[in-house]
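> Sharing a model that was predicted from the sequence below.
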Amino acid sequence: MKKRYSAAVLVLLISLWGLTGCAYVNTTTPLDLDLDRTTLGSKMGTAEAYSVLWLVVWGDAGYAAAARNGQIKVMRHADQEVFQVALGLFTRWRVVVYGD
């Protein structure tokens, strides 16, 4: 009986691990190699792209678009943000660029 219980718990844990982030994901990651020497600058610009139902995608989440939106001539740092709901039924990608 104890072995069955242990096996059931193990299967449940493995199943839950495989489903991690299925309902909701909201992450921000830096796009920089030398974080200890990063200067952000005085301006910030953002650019976004969206996806709905894995069928329709629109927007421009590129560095150039973010720099243009923030009137940045020299990019110093960038962050990438991903917001996703229900296995990607709705997804937003955002790039945030810092500079002067």
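Cool, got the structure. Owing to the predicted nature of the structure, the values given are computational and were not obtained by experimental measurement. Numbering: from 1, shown residues only.

> Spatially central residue in the chain, please.
Nearest residue to the geometric centre of the chain (C-alpha atoms, centre = their mean): Val82, 2.4 Å.

> That residue belongs to a helix?
No: using DSSP: H, G, I helix; E, B strand; the rest coil, the assignment for Val82 is strand, not a helix.

> and it, what pLDDT?
Listed pLDDT for Val82 reads 91.

> Mind jotting down where the helices sit in the chain?
Secondary structure of the chain (DSSP state H): helices at 2-18, 63-69.

> if we can go back for a sec, quick one: residues contacting the residue nearest to the centre of the chain.
For Val82, the contact set (C-beta atoms under 8 Å, 6 or more residues apart in numbering) comprises 25-27, 91-94. Every residue, glycine included, has its C-beta placed from N, CA and C.

> again, but for Ala67
45, 73, 75, 97, 99.

> quick one: average confidence on stretch 44-58?
Averaged across stretch 44-58, the pLDDT comes to 92.

> Which residue ranges of the protein form strands?
Here the chain has its strands, by DSSP state E, at 24-30, 43-52, 56-59, 75-85, 90-99.

> which one of these lies closest to Val9?
Ranking the strands of the chain by proximity to Val9 (C-beta to C-beta) places strand 24-30 first, at 24.9 Å.

> That closest one vs strand 90-99, what angle?
Note on geometry: by axes from the mean of the first three to the mean of the last three C-alpha atoms, to 10 degrees, strand 24-30 and strand 90-99 are set 20 degrees apart in direction.

> Quickly run through the sheet partners of strand 24-30, with directions.
Paired neighbours of strand 24-30 in the sheet (DSSP bridges): strand 75-85 (antiparallel).

> If you count neighbours, what's buried in the partner strand?
75-79, 81, 83-84 (16 or more other C-beta atoms under 10 Å).

> quick one, what contacts Ala64?
Per C-beta under 8 Å, 6+ apart, neighbours of Ala64: none.

> Per-residue pLDDT of it, please?
Per the predicted model, pLDDT is 91 at Ala64.

> before we move on, what about Leu89?
At Leu89, pLDDT is 86.
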